[in-house]
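Visitor: Coordinates only, no sequence provided:
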C-alpha cells in the first residue's frame with residue numbers, strides 16, 4: 001500500500017539536525033527549572049523572586065542576584081543552599097558562587113516589557129505632582145540657567161496635566 005503524502009510527519013523528520021538541538025535545549029530548560037525550584041526551597045520564596053540559578057557546571061552552582069545587597073545576603077546562606085542541593089540528590093555540587101546582575105531582576109519580573117515601555121497600570125499607579133511643587137519648580141526655574149530652566153518648566157507642566165486628568 002502506498003504511503004499518503006499528506007500524513008503528518010515526525011518532527012525529527014521535518015527538522016533534521018535541529019531536533020537534537022531542540023531536545024538538548026528542552027533538557028537544559030527542565031534541569032534549570034528543577035535547580036530553580038531547589039533554590040526556592042533553600043532560600044524561600046521572597047529571596048528566590050530576586051535571584052535565579054544562572055548555571056550549573058562541574059559541581060559549581062552559579063546564582064545571579066538582582067542587587068549587591070541580595071548577593072551579600074545569599075553569601076551568608078551559601079552553606080544552607082549547598083546542603084539543600086545535596087539533599088535533593090546533587091551530591092556532586094561542591095561550590096556555590098553568587099554573582100550580581102542588575103538585569104536579572106528584569107528577567108525575573110513577570111511584568112517586564114521587552115521594549116522598555118512601562119505598562120498602562122504602572123503609569124496610572126504613579127504619583128501625582130501637586131500644584132505647590134509645580135509652583136516651587138517654576139520659581140526655581142526663574143533663577144536657573146536657560147538649559148536647566150527649560151527642563152524645570154517642562155517638569156512643572158506635568159502637574160497641570162495630572163490635574164486635568166483628575167478633573168475629567
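Guide: That came through fine. Note that the structure is predicted; figures quoted are calculated from it, not measured.

Visitor: Could I get the full set of helices for this protein?
Guide: Remark: helices assigned in the chain by DSSP state H are 11-15, 18-43, 45-48, 68-76, 78-87, 103-108, 120-124, 131-142, 146-167.

Visitor: Redo those helices as TSV? Include distance to residue 55 and mean pLDDT.
Guide: Backbone N, C-alpha and C define where each C-beta goes, glycine included. Formatted as TSV, the helices of the chain follow (distance: least, C-beta to C-beta, whole Å; pLDDT from 0 to 100):
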stretch	distance to residue 55	mean pLDDT
helix 11-15	27	66
helix 18-43	9	84
helix 45-48	16	87
helix 68-76	15	92
helix 78-87	13	91
helix 103-108	13	66
helix 120-124	32	47
helix 131-142	47	87
helix 146-167	44	77
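
Visitor: which stretch among those comes nearest residue 57?
Guide: The closest of those to residue 57 is helix 18-43. By C-beta to C-beta, the value is 11.1 Å.

Visitor: chain center to that closest one: distance?
Guide: When C-alpha coordinates are averaged (C-alpha atoms, centre = their mean, to the nearest Å), helix 18-43 and its chain have centres 17 Å apart.

Visitor: Against which helices or strands is that helix packed?
Guide: Under the contact criterion of 3 or more C-beta pairs under 8 Å, 6 or more residues apart in numbering; DSSP states H and E, helix 18-43 touches helix 11-15, helix 45-48, strand 51-57, helix 78-87.

Visitor: Quick check: which of these is buried the most?
Guide: Neighbour counts (mean count of other C-beta atoms under 10 Å) averaged over each of these peak at strand 51-57, with a mean of 18.
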